[in-house]
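>>> Turn this into a structure:
(one chain, ligands or ions: 1)
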Amino acid sequence: MLKNFRALASAAVLALAVFVPAIRANAQLKVVTSTTDLYDIAKAVGGDKIKAVHIGEGYQDPHFIEAKPSFILQLRDADVFAFVGLDLEIGWMPLLLEGARNQKIMFGGPGYLDVSRAIPVLDVPRGNVDRSMGDVHPLGNPHYWLDPANARRIARLFKDRFSELDHKNEDAYERNEKAFESRVSSAEQTWAGDLAAIKGKPVVAWHTSWRYFAEYNGMNIVAFMEPKPGVPPSPSHLVEVINAMKRTGAKVIVMEPFYDRKTADLVARQTNAKVLILPPSVGGVPGVTDYVQLMKYDMDALASTLRAAGE
Ligand SMILES: [Zn+2]
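Predicted coordinates:
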């Protein structure tokens, strides 16, 4: 009997050891995110109740974030680790989490936050996908933040998780989350004219990262420069892209700053099209310092390029 009690008591102490740090009084929640976009939305919801840092920068290819070992220290005392998921962070995340040895943010811990779980994911492969074939989206398309409907889902997810871990501030999280949603909604009014200019227009995109953006604004992606996500275009694939552009009248090639502009220029020359470099993330170009600015920048730039191409 006594023995059982001891076992129970030590189990209780262990459980407390895991959960006490999340409920210390008057302390800010420490939130680490993998990307700047998640960071910005977490900040919008958490306000001054959280302390946040991001691992990647907005101008980096999110598939190949340079995760310095110093981030292990940031993760060591984090209450929440929020990441895009769908294997986007597979290259560095296991190593950093292992190094941090923080049970709260390990798989199964209260602060482990796979944001993709809140998102209706596009391009989920049917059947087996072999990463060795080069497809960098084996679990579906991870670039979901470029649709404001998903930004709202991310914000609600943060509100729920922060409120669970930090009950006393749940009213603030609720308020901040609503304010974020209405800020996004008012911003949408400012680009309503852009939507009209974009909807149904044929475009080419380098990577499938623009799929959610297209779902939102109705641009018609007639071809991708990459034959498969993460695989550089072969000459024969470029011929197909050029044919698709000629057939559909696509006059714009949309791409991130970190892909091979020379190849895109080559295709653009042969099709009398324009290459449009768009930031995919907060911080991707100077001046784009939050989520609303990012959406506004991309919507305005795409609409004005399409308008110019149509003249
Ligand atoms: Zn990708």
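
>>> Spell out, range by range, the strands that occur in the stretch 201-311 of the chain.
202-205, 220-224, 252-255, 274-277 (DSSP state E, counting those that start in this stretch).

>>> how about these in JSON lines, adding mean pLDDT and distance to Ile65?
To be clear about C-beta, it is placed using only N, CA and C from the backbone, and glycine gets the same treatment. As requested, those are arranged in JSON lines below (pLDDT from 0 to 100; distance: least, C-beta to C-beta, whole Å):
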{"stretch": "strand 202-205", "mean pLDDT": "98", "distance to Ile65": "21"}
{"stretch": "strand 220-224", "mean pLDDT": "98", "distance to Ile65": "22"}
{"stretch": "strand 252-255", "mean pLDDT": "98", "distance to Ile65": "19"}
{"stretch": "strand 274-277", "mean pLDDT": "98", "distance to Ile65": "20"}
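
>>> which stretch among these comes nearest Pro125?
strand 220-224 (15.3 Å; C-beta to C-beta).

>>> name the helices or strands packed onto that closest one?
strand 202-205, helix 211-217, helix 235-248 (3 or more C-beta pairs under 8 Å, 6 or more residues apart in numbering; DSSP states H and E).

>>> rerun at 6 Å
On a contact count with 3 or more C-beta pairs under 6 Å, 6 or more residues apart in numbering; DSSP states H and E, strand 220-224 meets strand 202-205, helix 235-248.

>>> Quick one: distance of it to the chain centre.
Here strand 220-224 is found 21 Å from its chain centre; the criterion is C-alpha atoms, centre = their mean, to the nearest Å.

>>> In its sheet, which strands sit next to that strand, and in what direction?
strand 202-205 (parallel) (DSSP bridges).

>>> wait, isn't Ala214 in contact with Val222?
No. Using C-beta atoms under 6 Å, Ala214 is not in contact with Val222, being 10.6 Å away.

>>> for Gly99, what are its contacts?
By C-beta atoms under 6 Å, 6 or more residues apart in numbering, the contact set of Gly99 is Ile72.

>>> would JSON lines of the strands of the stretch 201-311 of the chain with distance to Val45 and mean neighbour count be doable?
Putting these into JSON lines (distance: least, C-beta to C-beta, whole Å; neighbours: other C-beta atoms under 10 Å) gives the following:
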{"stretch": "strand 202-205", "distance to Val45": "30", "mean neighbour count": "24"}
{"stretch": "strand 220-224", "distance to Val45": "31", "mean neighbour count": "18"}
{"stretch": "strand 252-255", "distance to Val45": "29", "mean neighbour count": "24"}
{"stretch": "strand 274-277", "distance to Val45": "30", "mean neighbour count": "18"}
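
>>> so which of these gets nearest Ala301?
Closest to Ala301 of these is strand 274-277 (C-beta to C-beta; 6.4 Å).

>>> Grab the CA positions of that closest one and hand them over as CSV.
What follows is strand 274-277, C-alpha atoms only, in CSV (Å, rounded to 0.1, in the frame of the first residue of the first chain):
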residue,chain,number,x,y,z
LYS,A,274,7.5,39.3,-67.2
VAL,A,275,9.2,37.7,-64.2
LEU,A,276,7.6,38.9,-61.0
ILE,A,277,9.6,38.4,-57.8
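
>>> That'll do, ta.
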